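Asker: This is a predicted model, with the sequence first.
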Amino acid sequence: KIYLKDATGAQLRDTHGHWVVQHDLFNHDGLTQDGIAEAFDMFASKEELVGNSLANFDASRYRRQQDILEVSEISLSTALTSERTGRLDSAYFTKEQLELRRVSASWEKLGQYCNRIVCGPFGSTVLDSNYVTSGVPMLRPFNLRGLRSNAGDIVYLRPEFVTSQNLKLFERGDIAFARVGDVACSVVVQPKVTISPNVIIASIKRTHLNPYFLAAFFNGKFGKLQIEGAVKAVAQPTISTDIIRELRVPTLSQEFQENIQSTLEEYERLSERASQLLISAKRAVEIAIEESETAALRHLDAALHANS
């Protein structure tokens, strides 16, 4: 528990001598600010709900409560039509989510720009024993970090195995989303890949949207918030192909989208260079111990020139 402190820094006690726990549920004997209970009471008075009177409504107090608490006030009809499942959980109706839906109302849905949106194979029979050192890469959720499908810890399957299991193939420029766990979206950078059951792929009509732009968008404020708001919080957060299809995307100029692609491709190039330099630096330390510092510096110098 976290206890409140008074102006002197001492732990605060109520009129019964008990420590006052920090929370936002209700006003504790006038010693703390209004909480959720008082905000609902004011709301009931404003709406003249059963047993409440508008005469008890204090507009200035209600405004203060809304400023202090994360309170969103919407009509029931708005709540029931805001999302296709009619969900009423508080996470979907935060002020930030409501503002996002206002801003994105005129944007087109991602599904209109896709040739297909596909989830990984349900009940997949792919086992660790099927992994090989080279072949067709299989993307898993933790490969979808940093806006591009990361080759680190990626696993491979034999092409014959992919064919025998009827695993779908996807290509460079498709957009991959993590289906479970943390929000993750990346552009596929490998020529051909298949996916695990916990990945969703959207194949984009590239005459309309640039995949690199989409990866940047869905990792930024307006894209990531949409995914977070749509996530179904069960045993672990989950999204579906229907959710991906409903995500809204702004239509920005092709020139701007291409600039985003150029920036991310340069990031990709520099990231690869940084990885190579890190390997060279670690090897230089080993050479300094095994041979000499002079030999290690020659190794570093050669690595820097090779990556320049």
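Answerer: All right, it came through fine.
Asker: Check the offset of whichever strand or helix holds E266 from the chain's centre.
Answerer: Following DSSP states H and E, one finds E266 within helix 254-290. Averaging C-alpha positions (Cα atoms, centre = their mean, to the nearest Å) puts helix 254-290 24 Å from its chain's average.
Asker: Could you check how far F170 is from A79?
Answerer: As defined by Cβ to Cβ, to the nearest Å, F170 lies at a distance of 37 Å from A79. C-beta: built from backbone N, CA, C; applies to glycine.
Asker: next one: R172
Answerer: Distance, R172 to A79, using Cβ to Cβ: 42 Å.
Asker: thinking again about what came up before, could you check which of F170 and A79 is surrounded by more residues?
Answerer: F170 (22 against 15; other Cβ atoms under 10 Å).
Asker: Could I get the phi/psi values of that one?
Answerer: Backbone geometry at F170, expressed as degrees, to the nearest 10, gives phi -130, psi 170.
Asker: I figured it hits I200, correct?
Answerer: No. Using Cβ atoms under 8 Å, F170 makes no contact with I200, being 10.7 Å away.
Asker: which residues do those two both contact?
Answerer: Residues touching both F170 and I200 (Cβ atoms under 8 Å, 6 or more residues apart in numbering): V118, A176.
Asker: follow-up on the earlier one: what is the helix holding E266 packed up against?
Answerer: For helix 254-290, the packing partners by 3 or more Cβ pairs under 8 Å, 6 or more residues apart in numbering; DSSP states H and E come out as helix 211-218, helix 293-306.
Asker: Redo those helices as TSV? Include distance to S280, mean neighbour count and mean pLDDT.
Answerer: Below are the helices and strands packed on helix 254-290 laid out as TSV (distance: least, Cβ to Cβ, whole Å; neighbours: other Cβ atoms under 10 Å; pLDDT from 0 to 100):
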stretch	distance to S280	mean neighbour count	mean pLDDT
helix 211-218	29	23	95
helix 293-306	4	13	92
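Asker: give me the low-pLDDT residue ranges for the stretch 151-300 of the chain?
Answerer: Low-confidence regions of the stretch 151-300 of the chain, defined by pLDDT under 70, span residues 151, 233-235.
Asker: hey, where'd the helices end up in the protein?
Answerer: Applying DSSP state H to the chain gives helices spanning 36-46, 59-68, 76-81, 95-103, 159-164, 211-218, 221-230, 241-246, 254-290, 293-306.
Asker: Quick check: buried residues in the fourth one?
Answerer: I take that to be helix 95-103. Across helix 95-103, burial judged by 16 or more other Cβ atoms under 10 Å covers Q97, L98, L100, R101.
Asker: Run through the residues that contact the nearest residue to the first one once chain neighbours are set aside.
Answerer: Right, the one you point to is Q97. Nearest non-adjacent residue to Q97, counting by Cβ to Cβ, 6 or more residues apart in numbering: G229, 4.7 Å away. Going by Cβ under 8 Å, 6+ apart, G229 touches A91, Y92, Q97, L100.
Asker: with these in mind, which one is nearest to A284?
Answerer: A284 has its nearest neighbour among those in L100, at 48.5 Å by Cβ to Cβ.
Asker: ok now do that closest one, which residues does it touch?
Answerer: Taking Cβ under 8 Å, 6+ apart, we find L100 in contact with F222, L225, Q226, G229.
Asker: And these, which of them are buried?
Answerer: Judged by 16+ other Cβ under 10 Å, buried ones among the contacts of L100: L225, Q226, G229.
Asker: could those go into a markdown table alongside distance to A302?
Answerer: Compiled in a markdown table, the buried ones among the contacts of L100 are given as follows (distance: Cβ to Cβ, whole Å):
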| residue | distance to A302 |
| --- | --- |
| L225 | 47 |
| Q226 | 48 |
| G229 | 51 |
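Asker: now, among those, which is nearest to S129?
Answerer: The nearest one, if we look at the buried ones among the contacts of L100 relative to S129 and count by Cβ to Cβ, is Q226, at 38.5 Å.
Asker: Hmm, L247 and the closest one touching each other?
Answerer: Yes. At 5.2 Å, Q226 counts as touching L247 under the criterion of Cβ under 8 Å.
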